[in-house]
Structure formats: C-alpha cells, structure tokens
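> next one to model:
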Amino acid sequence: MTDISRRTIVKGSVLAAALAAAPAAAQASPSTPVRSPGAVALVRNRLTLPSGIATGDVTSDSAVLWSRASAAGRMMAVLRAVDDGGEILRGRGAFERVLRGPRATQASDFTAKIHAGNLPSNTRFALEISFEDDGGAAGESVRGTFRTAPDAGTYNGKGRTGDTSAGGEVPASSAQSFVWTGDTAGQGWGINEEIGGMRGYRAMHQTRPDFFIHSGDTVYADGPIAETVVEKDGQVWRNLVTEEVSKVAETLTEYRGRHRYNSMDANMRAMFADVPVIANWDDHETTNNWYPGEILDDPRYTVRDANTLAARGRQAWQENMPIADSAALWRPGTFDDAGQYQPARIYRKISRGPQLDIFCLDMRTFKSPNTDGKEAYTTNILGQEQVDWLIREVTKSKATWKVIAADLPLGIIVPDGPVNQESLSNRDPGAPLGRELEIAGVLSAFKHNRVKNVVWLTADVHYCAAHHYSPERAAFTDFDPFWEFVAGPIAAGSFGPNAMDGTFGPEVVFSKAGRFAGESPRNGENQFFGHVQLDDETFTVSLRNANGATVFSKVLTPER
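Below is the predicted model of the structure:
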C-alpha cells in the first residue's frame, strides 16, 4: 500500500471516529477546545462508537436502537421525551428510560441492538447511546433523536383526538413524511470529501423526514473502490479507501468492511442519528444479480458459490441494519452446519399509525434462477410463504395507505446478460409467465379482497420514474390500478431509462436518468431520492435530486 493510501485510510478512520463520538453541536463548532496529549490518551482508552448510531423499524410504540463499539462492551441507551425544539419535557408528558442492552463482542463485529418497547406514540425522543467496558467504565456517547409514529387506536378520520402522547390531550394530526432511495457507493463512486461526501444523504436529511426506507443495495460488496477514478470529462474523483473495499468482498471481514466504509461518510452518520431506517436488501449486499444456488463465473472471485457469499453478506447486513422482527435477526440457525446460506425472514410489516403501513419485501432470498422468464409455470420472486404473508397482511391492514417497499421494480426490464432477466419482467408484453405469475396472483388477490390505496416504492435501476399500472393497458387485467415510484441512486453511477414490459399495463408518466451510463454523482443532478408527505387526506410523492431540487410530484387521494 502506498503512503497516499495509508494517509487516506487513517484520515477517514480518524474523522469517522471523531465525528461519530462528538455531539452535533460540537461537530459544528469551530471553537471546540483541543485536548492535551494526556487527555487524548485517556479518551482513546474509552470505548467509542466509530460508526455512529441508528434507529430503525420505528412504530407507534417501539424502536430498534443500534450502534457499533470500538471493542467489547455492553450497550447502554437513554431515552428522554423532548419537544420539537429538543427541550426535555417536564411534568405531564415527561418520559425518561435507561436501557441496558446486550454485550457487543467480536462475534457480531461489536455491533449491538436494543429493542425498545412500550414507548408513547407520536413522541419525539432525545437518544444517547454509549458502551460500558468490562470494568463498568462508561465510554463516549453519541446523541440522536427520533419520533414514534401516531397512535393507530385514536384516529377519527380527521386527525387524532384524546392523544396520550407526550403532547397531552390535544387534537393531533397523523401527518408524517418519509424519504426513500437505494444504491449507495456503487460503480466505484465512494466517499469523495472534495465534493462534500455523499451529499444525497444530506439532501434527504434536510427534508426532516420521520423515517427513511433504504430500498436495497445498501452496500456494493462486489464493487471495488479505488483511490482515484478518471471521469468521462477528465475530472479526477478521489475516494476515501480502506483495505476491505479494495477488492470484491468474499470473507465475512470484507463484507463487514463494506458497512463500516459507508458509515465513514459524515452525511450518512448524521442522518441515521436523526432519521429511523427501514432497510431492504437486494443483490449488491452479496454480488451482482445473484440468486440462491448460483455458481459465479467471475474471475475476480475465489469463492464462486453464491450461497456461501450470501451467508457472509447477509450476516454482515443483518448485524448492521436496525431491523426489528425477531424472525429477521441473524442467529446461528440461519445457516446450516457447513455455514451455507439458509432462508430466514427479512420481509416484515412496520405499522406507522392509522394512515400508513409499510410492507418491506425480500425479493432476493427466495428468488428463482435468472432465466428468460418465460416459463409456463410459476417461478419465484417472493416465494409462496412470502406471497401468502403479503396477501394476508395487506388485506388485514386498517391503514389508509399500504406502501409496499420493494427492492426490485415490477414493470421495468432489467437484463442479466443478452437473454436472461434479473427482475420480474421477462420482455414479453403478453400474458404473465414465470415470475410474473407470482405477482399476478398478488395483484389479483388485492382486487378480490377489495384492498385500496396500495403504492409500490422501489429503487434498483439507478434512475427515477413514476409508473401508473392499469388493466386497461394490460395483457393481464384482473387487478386494480396502482402507482409505482422509483428513486435512486443516492451515491452510485446513474443509468437508464430502461424499457418497460406491458404485461401489467404500465404507463411511464415521468422518468429522468443520467446523461450517460455510469455517470458519477459529482454534480448531484442525476442522483435521486423520493419524498412522501402524508397528511390526513393526501399522499404527496415528489422525486428529488441529490441537490434537493424536485423534478416531479404527484398528489394521490385515497379511495374509500
């Protein structure tokens, strides 16, 4: 490794640790005092939080709290109810809880999670996370915040009354907002501090959302990141680099290193400290376009068995994502005795109050091999167990809006080579075949069960789009019209737009892609995220670029 490489790694690692450990006010202050050498030595002996903190899968009464320690120690968290200005609530509405969590060890890469339950609804919390070492000494703490969702039990159709949250008994709206996107640090475009790092995360954070859906490709384990990349116009892109991102990930250490790398970005850490995450996984958490049972034909890999790679990639992903469903948490039983990949549950429902339920899909674990997709029989994109779950839970949902957070699009053609297809569509606009038959069954069941107000959100294809699906335009007609919105990438190469498959009658109402395939994120113009403002009567979707500019918007009103 060259001297430049070592300096780059040290600079990034020290910056990540320093920013993660400091309160937000201290990070912003140019007058923060410089510690004496002796004080620095004392601080270095304490446990730190080098990847910051995060919350996830936040509902009306629960949240998952996450962090990673610098060494073995017990996770500790303090929750306090605060007003919107951050002042601690006293008297009526006051809430304070100290939570003692699990011990972080090398077995989990020193990550740990606390499942906080029985929380008051519609309440903003100040959060402080630290780790105690084995001697009981408290380490450095990192602060954040989050808000629980509105209470699903007290909505009257025009706002909530009799609110028992920290705000007291006053009329309250169920309004909330969220953002979604996918595709972080892909195609060799990593953390470039010369342009302010991953600026798309800052743009999302500035919208002050109540939560964030990461629609997959949370890391690019198959995409090496070099110190410099020459862009098409001759500009030189300069990445922070670490040893783990220098090659395709194959070992558990290398997969873990991908997550550690992304958390070096100050924009991501700042957002995750303030905005709860709902995470999907897709292919690049393992390797491009993979499916269970695949044997890779890629000379960059010494490990060619996708199942082995997926076992390692999934463990690293689940260690680093603040997901709540106990069935979705990594545990030894997830893999067989040989350490091979075995299906375990990632798909889950997150209730966000009377107006919104999120159904987070897993379109990777049970996926059939990538063929041309024209089988006369049903092949899997979800698997029968997940199909049954999705139909059952969406049908049971009392929420006005049912958002399906998908890691793959429905009508976009995503090739895997000259013949095979990676996603759902098979390039044939006729009647459903192969994987399309599975989704046709889901859409048909929604119609026959009279499910209303279903919206599909996804990323994956590295451009943004708004699609309206209708049986009037479709070869398959047994479904009700619905919308699908696509947003990404947030910090990766831009691509698209792709061709559409007509089986389910999509109309491309809007799309915007990069100027050329693989365009860098430098100017932010062709990096995208979606924003949803959910009020008592409307669901407003806007597609925005990484500079925060809105490029498309659509207001949806609920069917009753």
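> and the strands in the stretch 251-400 of the chain, which stretches?
Along the stretch 251-400 of the chain, counting by DSSP state E, counting those that start in this stretch, strands occupy 277-279, 348-351, 356-360.
> out of these, nearest to Gly117?
Gly117 lies closest to strand 348-351 among these, at 13.3 Å (Cβ to Cβ). Using the backbone N, CA and C atoms, a C-beta is placed for each residue, glycine as well.
> so for the closest one, mean pLDDT?
Mean pLDDT, strand 348-351: 95.
> also stretch 270-280?
98.
> JSON lines for the strands of the stretch 251-400 of the chain, including mean neighbour count and distance to Val442?
What follows is the strands of the stretch 251-400 of the chain, written out as JSON lines (neighbours: other Cβ atoms under 10 Å; distance: least, Cβ to Cβ, whole Å):
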{"stretch": "strand 277-279", "mean neighbour count": "24", "distance to Val442": "20"}
{"stretch": "strand 348-351", "mean neighbour count": "20", "distance to Val442": "15"}
{"stretch": "strand 356-360", "mean neighbour count": "23", "distance to Val442": "11"}
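> wait, which of those is closest to Phe495?
strand 277-279 (22.2 Å).
> where does this protein have low pLDDT?
1-44, 152-173, 325-344 (pLDDT under 70).
> now with 80, please.
1-45, 152-174, 324-345 (pLDDT under 80).
> could the strands of the stretch 251-400 of the chain be laid out in JSON lines, adding distance to Thr207?
JSON lines is the format used below for the strands of the stretch 251-400 of the chain (distance: least, Cβ to Cβ, whole Å):
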{"stretch": "strand 277-279", "distance to Thr207": "15"}
{"stretch": "strand 348-351", "distance to Thr207": "19"}
{"stretch": "strand 356-360", "distance to Thr207": "17"}
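> which of those sits closest to Gly441?
The closest of those to Gly441 is strand 356-360. By Cβ to Cβ, the value is 15.8 Å.
> now do Leu99 against Phe125, distance only.
Distance of Leu99 to Phe125, computed by Cβ to Cβ, to the nearest Å: 11 Å.
> shared neighbours, those two?
With contacts taken as Cβ atoms under 8 Å, 6 or more residues apart in numbering, the residues that reach both Leu99 and Phe125 are Leu79.
> can you pull out the helices in the stretch 351-500 of the chain?
When assigned using DSSP state H, counting those that start in this stretch, the helices of the stretch 351-500 of the chain occupy the ranges 384-396, 435-448.
> contacting residues for Ser511?
Ser511 makes contacts with Tyr463, Cys464, Ala465, Ala466, Gly496, Pro497, as judged by Cβ under 8 Å, 6+ apart.
> for burial, what's the neighbour tally of Pro558?
Residues within reach of Pro558, counting by other Cβ atoms under 10 Å, total 13.
> make that Ala138, sorry
Using other Cβ under 10 Å, Ala138 is surrounded by 13 other residues.
> any idea what it is bridged to?
With DSSP bridges as the criterion, Ala138 is bridged to Glu132.
> please shift the residue numbers so they start at 51 in all later answers.
Understood, numbering begins at 51; the last thing we discussed is Ala188.
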